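Q: sequence first, then the predicted structure, then my questions.
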Amino acid sequence: MMVFIYGAPASGKSTLGEKLSKKLSVPFVDLDCEIEKSSDKTIAEIFSSCGEGAFRDMESKKLAEIVSSTEEKIVSLGGGTLLRESNRALCEEKGIVLCIDTPSEEEIARRIFQLPGSRPLGNKAIERAEHYASFKNRIASFFEAGSSLVVVGSEIAQGLICDKNIVCDENVSKLWGNKLGIAPFAEIPPGEVHKTPSTVASLWHAFAKKGLGRKDIVVALGGGVTGDLTGFAAATWMRGIRWINVPTTLLSMVDASTGGKTGCDLPEGKNLAGAFHFPELVVIDTAFLSTLPQKTLADGKAEMIKHALIGGKNLFSFADADVPSAQEIAENLMVKVDIVRKDPFETNSLRMKLNCGHTIGHAIEKLSSYDLSHGDAVAIGCCEEARMAERLSLASEGWAKEVEDAFSSVGLPVSIPSNICKSEIPETVKGDKKRAGDVVSFALPCGWGDVRIVPIDMAKEKIL
């Protein structure tokens, strides 16, 4: 399938197109560059000597040449290429058009000022706003997280994973397989209970049957369990092959999608076997959220609130019961991305902040035999750890209640369920990966934008 990147002048079409071509290992074509090569003139010179009408004719002719080949490619279009209906029809027939949301006027002006000669028509974003808004496949944001390229938008997944080697969650396959026109070569049963070494082994066998080699790339399509397992299988197949992560739940979009952590659970604890293996590409498509029940959306909001605890209260609207927009997800996710960029392999205490709520959360999740959802566990864990911070005088009085109100506002639990034996929690916490002897490092929320790494001696301190 051909993927056409479109949008206002200076919206980042060429930048994104070139990055995508490298991550997907497919050719990249910049339409404006091809026109300049064939005419031996810059775009500005063509406009100056021939006028816009002649340029549009050249543009249409060159576009027709590019799409005459059926080869898969990424094509960056000019900012006005699809104003001609014939060009738009041609691109939509040959592939999918991904339209980049227009950046702010200030940012557009800054980019145009940097390279004024390359955009002879200047800023046409406002004048063409209705035209750009008519494209349904939209990219809200793109950025790099470690070695991963992250693309956030709506209805963008199909164009970026079609004809790839796809491992899919069984439920996602039933809901989205036909809509996306995909045929997964392996499917994973849903749920944390299947996040086991035996499932990883089943993926290795599927990789072998598929004939995947070291130059191949595999796609994980599903929630956090699917991403963790597929990423781990990719990390260990032939000592490492590339992979693409396409999270389909809000929880996996804002949490597991970008950290590079892959792995599986053991009877002794959660995520004890694993590897750092960053995906080449992360495709966050909010269209998947349309089929999620409110409870599953709330699980994702637990991680969004956790990011607000780390990055600042303004990163989440606690009264908002709606599905977050692509831009809201991108902004919230940047809390994690900024930390991962600075500490990709958790070599210092910075990345440990992302474990806010997870030390106790993982313990109660395990004690529930994973009947408790990860989002519920994180919410309860954050509340319990906020209570710890208040008891240790690291947070002001009333802080724990404020944290409880944030989680309860989106329908999340704030206290340990009665069917979980509290006396077993401290011993279970000792199985945490951040333990040194009896000392466990907690990432305690002490205020909005104030998460601190606090070593707790489990032999001396009561954590509940």
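A: Good, I have the coordinates.
Q: domains of the chain?
A: By the assignment in automatic domain parsing, the chain contains the domains 2-135, 158-292, 344-457.
Q: now render those as CSV, adding mean pLDDT, distance to Val337 and mean neighbour count.
A: (Glycine included, C-beta is placed from N, CA and C.) Compiled in CSV, these are given as follows (pLDDT from 0 to 100; distance: least, Cβ to Cβ, whole Å; neighbours: other Cβ atoms under 10 Å):
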stretch, mean pLDDT, distance to Val337, mean neighbour count
domain 2-135, 88, 15, 17
domain 158-292, 96, 6, 20
domain 344-457, 93, 11, 19
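Q: nearest to Glu144, out of those?
A: Taking Cβ to Cβ, domain 2-135 is the member of the domains of the chain nearest to Glu144, at 8.0 Å.
Q: please enumerate the strands of the stretch 51-200 of the chain.
A: Taking DSSP state E, counting those that start in this stretch as the criterion, the stretch 51-200 of the chain contains strands spanning 74-76, 95-100, 138-145, 148-154, 165-169, 186-188.
Q: mind listing what's buried along the third one?
A: Within strand 138-145, the residues that qualify as buried by neighbour count (16 or more other Cβ atoms under 10 Å) are Arg138, Ile139, Ala140, Ser141, Phe142, Phe143, Ala145.
Q: from those, which is closest to Met2?
A: Ile139 (16.1 Å).
Q: what pairs with that closest one across the strands?
A: In this entry, Ile139 is beta-bridged to Ile100, Gly153, by DSSP bridges.
Q: check contacts around it.
A: Contacts for Ile139 (Cβ atoms under 8 Å, 6 or more residues apart in numbering) come out as Ile5, Gly7, Leu16, Leu98, Cys99, Ile100, Asp101, Val151, Val152, Gly153, Ile156.
Q: what values do phi and psi take at Leu266?
A: phi -120, psi 160 (degrees, to the nearest 10).
Q: oh, I was asking about Met352
A: Torsion angles, degrees, to the nearest 10, at Met352: phi -60, psi -20.
Q: my guess is it contacts Ala443. True?
A: Yes - the criterion here is Cβ atoms under 8 Å, and Met352 meets it with Ala443 at 5.5 Å.
Q: overlap in contacts, these two.
A: Joint contacts of Met352 and Ala443 (Cβ under 8 Å, 6+ apart) are Ile453.
Q: which elements pack onto the helix or strand hosting Thr428?
A: Per DSSP states H and E: Thr428 is located in helix 425-429. Contact analysis of helix 425-429 by 3 or more Cβ pairs under 8 Å, 6 or more residues apart in numbering; DSSP states H and E lists helix 358-367 as its packing neighbours.
Q: starting at the chain centroid, how far to the helix or strand following the helix it packs on?
A: Where DSSP H and E defines the elements, the next helix or strand beyond helix 358-367 is helix 374-391. How far helix 374-391 lies from its chain's middle: 24 Å, per Cα atoms, centre = their mean, to the nearest Å.
Q: for Thr226, helix, strand, or coil?
A: When classified by DSSP: H, G, I helix; E, B strand; the rest coil, Thr226 comes out as helix.
Q: ok, it - contacts?
A: Residues near Thr226 by Cβ under 8 Å, 6+ apart: Val167, Cys168, Asp169, Val172, Ile188, Ala220, Thr248, Ser252.
Q: nearest to Pro417, of the contacts of Ile139?
A: Ranked by distance to Pro417 (Cβ to Cβ), those are led by Val152 at 34.0 Å.
Q: state the distance from the residue of the chain most remote from its centre to Cys33.
A: For the chain, the C-alpha farthest from the mean C-alpha position belongs to Ser49; by Cα atoms, centre = their mean, that distance is 45.2 Å. As judged by Cβ to Cβ, to the nearest Å, Ser49 and Cys33 stand 19 Å apart.
Q: can you check Pro417 too?
A: From Pro417 to Cys33 the distance is 60 Å (Cβ to Cβ).
Q: helices of the stretch 201-350 of the chain, start to end?
A: Here the stretch 201-350 of the chain has its helices, by DSSP state H, counting those that start in this stretch, at 224-236, 250-254, 294-311, 326-342.
Q: buried stuff in the longest one?
A: Under the neighbour-count criterion of 16+ other Cβ under 10 Å, helix 294-311 has 296-311 buried.
Q: what's the answer for the last one, then?
A: Under the neighbour-count criterion of 16+ other Cβ under 10 Å, helix 326-342 has 326, 328-337, 339-340 buried.
Q: okay if I get the helices of the stretch 201-350 of the chain as TSV plus distance to Lys434?
A: Formatted as TSV, these follow (distance: least, Cβ to Cβ, whole Å):
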stretch	distance to Lys434
helix 224-236	18
helix 250-254	22
helix 294-311	16
helix 326-342	15
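Q: so which of the ones you listed is nearest Ala133?
A: Closest among these, once you apply Cβ to Cβ, is helix 326-342, at 14.3 Å.
Q: on contacts alone, who are the packing partners of the closest one?
A: strand 138-145, strand 148-154, helix 250-254, strand 281-285, helix 294-311.
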